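> only geometry, no sequence info:
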């Protein structure tokens, strides 16, 4: 420090070295990266408060949030059910898209409209905040869901509502509406075919009545009872065979015409087209349209991706918008494909109907020709045979129509292609699903921990205080003379200021003695006047000064403590002496030096208090009287420890530093800022002070220990120190005399005031 003067820059973390008059360079020494656990311990209240705020917010949310209940119903859907009369179709396995199609039907407008009409939804809490169409809100919202579990033939319908009874009522209404809608769709084709068959049957019955009347007329005119013997005629037999074939052809043509009308009726709306195509696809996997099944699979996959993406990224995310566009495009392609399949079905049925009608016309022509041959027989017998053949043909046709009507009716009512079974009806739930208390509290704790760690790290990063003694060396470029452990705040000011005396074997007393040792080694014992300075108030400068003076006195050196803090003096309070006469009186010529210096209860230790606080402290310290006084005291005492005002607030310490042999900079860990430390060092450098080192005060210590009788033992906690009034036995009572003015057993030479002593 004698050859090289360090100038501390304004920014923490850099030390500018100057030799002589010019700068030589900047030595950067960044502070050590803080360990997370150390940061959390230093900022534990930030972490705790942040976590508690998050938990309190979660509790407030749980208290104010409206509970949401969910009711669900499981519906088993079978594609093909057993039939009373076989129609040539075999029950096949479920199509891959069949259950998803039924889920779409449950979400369709007709089903939801029918369900809402069945419940008083206008007065329900579920729809209290719904603006617009309630059906669209159910279809596009997240409260109503229709899911198809994997590897299952069931469809699960669920509803979320703030009212559990309303949730169950809506789910049951939707399931019932779905059953009714499917029954209506199922009956549409069967009813159309039954109507066509019944109309045809009525026409046949009318013809049968006319033929019977004709046969009766022939018998009456010819006076015969029967023409049975003419049955052996080959012409009559052929005519009978043709009549039977014609009847079968007419039945087939009639059924195809009924199917054609049913398909045309199904082409009226998209919903009936979808139902028709679904039924056609379900008749056989191999006979179905594989492109249609592929489109259905793509729609299902895209819809699942959309439903899983919306909760994570939101409805306006670009990925969600792309998926929505893809779903709309697939739906449009499916609708177009369904229309194409339905048109092809209509074309196929029309072609089969035309072939059947052509066959019917051919058989009718052959029968007419055969009837012409029969006319060559006996006219009455031939006419009767022809009428009898027609009657038999019409009767068989009526019987076939009756059987077909019965088959269609039984299949339509009792065992339809779609069989719906409600496995589990919706019931009002007892506990809500939202908000989940464990989930909300768990998220709050995790969020509080993350935010607490983040805020702790942020505050620690923004904190410019010196946290560790090694930062003093790297940032301020000053060696650390000693590290003083933290003193309990429960102790009085007297105990803290004289802890070296009251507990000489404590780690704190040892730390103050290490300051004394550092001064001996660093200055070879040549530093007689030692100034204790600090950047700001509260850094522990006065406590360090009193304890260091006690350490010197205990080492056998005649030591004087001068309280040069002419703003707020405290040394007379620490040593419990009357401070009425002191330094300010001596400099002003109002008192003798020997009357101002008072002995303390520590051997070899004396105190020169501040005295009355002057109005011009800086002027007193810069006067020649103070310099002459300091020189006179240096001839009397071995060590002079000077307490001063804060460096960055007042100029007093800067003035004293230029006169002291050595200066110790006292810094309080986790309180003294790096900027103030740099500013204090800059002022000391400008005053050409001999900075012997720094004292890291109030450092967090590990486990204190002490050696007794050769064995290391843990020391008692710091709060064991008793106040001086209870624990000290070798001290005089405070202010036992009116004034302890004269220093007993000490010869003090008065300063030789020069001619300029009045300054």
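Yep, that arrived. None of these values were measured; they are calculated from a predicted model.
> Could you double-check that residue 594 lies in contact with residue 751?
No - here residue 594 does not reach residue 751: they are 11.1 Å apart, not a contact under C-beta atoms under 8 Å. In short, each C-beta sits where N, CA and C put it, glycine included.
> So which residue is smack in the middle of the chain?
residue 443 (6.4 Å; C-alpha atoms, centre = their mean).
> Which strand residues bridge the closest residue to residue 138 other than its chain neighbours?
Leaving aside its chain neighbours, residue 138 sits nearest to residue 144 (4.4 Å; criterion: C-beta to C-beta, 6 or more residues apart in numbering). Beta-bridge partners of residue 144, counted by DSSP bridges, are residue 159.
> Pull the contacting residues for residue 144.
By C-beta atoms under 8 Å, 6 or more residues apart in numbering, residue 144 lies in contact with 107, 138, 158, 159, 160, 170, 174.
> any idea which of the residues you listed has the most stuff around it?
In terms of neighbours by other C-beta atoms under 10 Å, the contacts of residue 144 top out with residue 170 at 30 neighbours.
> Let me know whether it touches residue 157 as I believe.
No - contact criterion C-beta under 8 Å: residue 170 and residue 157 do not qualify, at 9.2 Å.
> coming back round to it: between residue 594 and residue 751, which has more neighbouring residues?
residue 751 (20 against 15).
> from what I can see, that one looks like it's in a strand, true?
No - per DSSP: H, G, I helix; E, B strand; the rest coil, residue 751 lies outside any strand segment and is coil.
> per-residue confidence at it?
With respect to pLDDT, residue 751 has a value of 78.
> Name the nearest residue to it, ignoring sequence neighbours.
Nearest non-adjacent residue to residue 751 (C-beta to C-beta, 6+ apart): residue 632, at 3.9 Å.
> now the helix or strand containing that neighbour, how far from the chain's geometric center?
Secondary structure from DSSP states H and E places residue 632 in helix 624-636. Counting by C-alpha atoms, centre = their mean, to the nearest Å, helix 624-636 is centred 71 Å from the centre of its parent chain.
> List the contacts of it.
With C-beta under 8 Å, 6+ apart, helix 624-636 has contacts from 528-529, 558, 560, 562, 583, 586-587, 589, 593, 608, 620, 640, 659, 746-754, 756-757, 759.
> Report the buried residues of it.
Using 16 or more other C-beta atoms under 10 Å as the test for burial, helix 624-636 gives 625, 626, 628, 629, 630, 632, 633, 636.
> quick one: the last one and residue 567, what's the gap?
Looking back up the chat, that one is residue 636. 27 Å (C-beta to C-beta, to the nearest Å).
> Over to residue 65?
58 Å.
> Please say which of these two ends up with more neighbours.
More crowded of residue 65 and residue 567, by other C-beta under 10 Å: residue 567, with 16 against 12.
> Assign that one to helix, strand or coil.
coil.
> One more: residue 432?
Per three-state DSSP, residue 432 ends up coil.
> Ramachandran angles for the nearest residue to it once chain neighbours are set aside?
Counting by C-beta to C-beta, 6+ apart, the nearest residue to residue 432 once its immediate chain neighbours are dropped is residue 67, at 3.6 Å. Main-chain torsions, residue 67, degrees, to the nearest 10: phi -70, psi 140.
> go on, residue 122?
phi -60, psi -30.
> Provide a list of residues in contact with it.
Residue 122 neighbours (C-beta under 8 Å, 6+ apart): none.
> returning to what we had before: name the nearest of the contacts of residue 144 relative to residue 72.
Distance to residue 72 across the contacts of residue 144 (C-beta to C-beta) is lowest for residue 158, with 3.9 Å.
> For the helix ranked longest in the chain, enumerate the helices and strands it packs against.
In the chain, taking DSSP state H as the definition, the longest helix is helix 164-222. In terms of contacts (3 or more C-beta pairs under 8 Å, 6 or more residues apart in numbering; DSSP states H and E), helix 164-222 is packed against strand 69-78, helix 98-106, helix 109-118, strand 154-161, helix 234-266, helix 270-282, helix 379-413, strand 419-424.
> so how far is stretch 207-220 from its chain's centroid?
Relative to the centre of its chain, stretch 207-220 is centred 91 Å away, using C-alpha atoms, centre = their mean.
> Show me which residues of that stretch are buried.
208, 211, 212, 214, 215, 218.
> thought the first one was touching residue 397?
Which is residue 208. No - the criterion here is C-beta under 8 Å, and residue 208 misses it with residue 397 at 9.0 Å.
> how far away is residue 270 from residue 77?
Applying C-beta to C-beta, the value for residue 270 to residue 77 is 21 Å.
> Between those two, tell me which one has more neighbours.
Neighbour count, other C-beta under 10 Å: between residue 270 and residue 77, residue 77 has more, with 22 against 12.
> Setting aside sequence neighbours, what's the nearest residue to the more buried one?
residue 102 (5.1 Å).
> what about that neighbour, neighbour count?
Neighbours of residue 102 using other C-beta under 10 Å come to 20.
> Which pLDDT value belongs to it?
Reported pLDDT for residue 102: 83.
> Could you measure from it over to residue 153?
Relative to residue 153, and taking C-beta to C-beta, residue 102 is found at 10 Å.
> Need the overlap of contacts for those two.
residue 77.
> In contact with residue 526, which residues?
Per C-beta under 8 Å, 6+ apart, neighbours of residue 526: residue 661.
> what's the answer for the one 5 residues further on, then?
Residues counted as contacts of residue 531 (C-beta under 8 Å, 6+ apart) are 642, 644, 653, 656, 657, 660, 662, 663, 664, 689.
> can you rerun that using 7 Å?
642, 644, 653, 656, 657, 660, 663 (C-beta atoms under 7 Å, 6 or more residues apart in numbering).
> Which pLDDT value belongs to it?
Residue 531 is given a pLDDT of 94.
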